[in-house]
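Chemist: coords please:
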Amino acid sequence: MTLKAPARNTIMNIVKRMEEDGTVGDRKRKRPKKTVRTPENIQKIKKKLADSPHRATRRLSAETAISRGLEKRILNDDIGAFPYKYRSTKVKCIKSEEEGPICHVHFQED
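Modeler: Coordinates of the predicted model:
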């Protein structure tokens, strides 16, 4: 097995990076700023919830012009609210003389 020398471009890139940064390590990546979860948007959602706490989250995101994913993060992380959807159920109870009443709960999709 023979080892090959690095390509000329590789050496040139290492020299260039050493001259610019003073190191040959990886450069720090730029990430987008978190600009949407602002205090103004959090207050906007808090105000809408205070006006109508039983408002659907889809309607809330449409009224505030904030995406549903971001709205869910604001509700869970910043406000501490956990939105959920009510579901109707059917309960069927059978009387048993030995064990007492036995109930079965059947969940329905809306």
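
Chemist: Look at the residue nearest to Pro83 when sequence neighbours are not counted and say how many residues are nearby.
Modeler: Residue nearest to Pro83 in three dimensions, not counting chain neighbours: Thr57, with 4.8 Å by CB to CB, 6 or more residues apart in numbering. Where C-beta positions appear, they are placed from N, C-alpha and C, glycine not excepted. By other CB atoms under 10 Å, 16 other residues sit near Thr57.

Chemist: Distance check, the residue nearest the centre of the chain against Lys33.
Modeler: The centroid of the chain falls nearest to Arg73 when counting by CA atoms, centre = their mean (5.2 Å). Counting by CB to CB, to the nearest Å, the separation of Arg73 from Lys33 is 16 Å.

Chemist: what do you get for Val24?
Modeler: Look at Val24 and Lys33: by CB to CB, they are 28 Å apart.

Chemist: neighbour count winner among these two?
Modeler: With neighbours defined as other CB under 10 Å, Val24 and Lys33 compare such that Val24 has more, 10 against 6.

Chemist: tell me the contacts of that one?
Modeler: Contact analysis of Val24 by CB atoms under 8 Å, 6 or more residues apart in numbering lists 14, 17-18.
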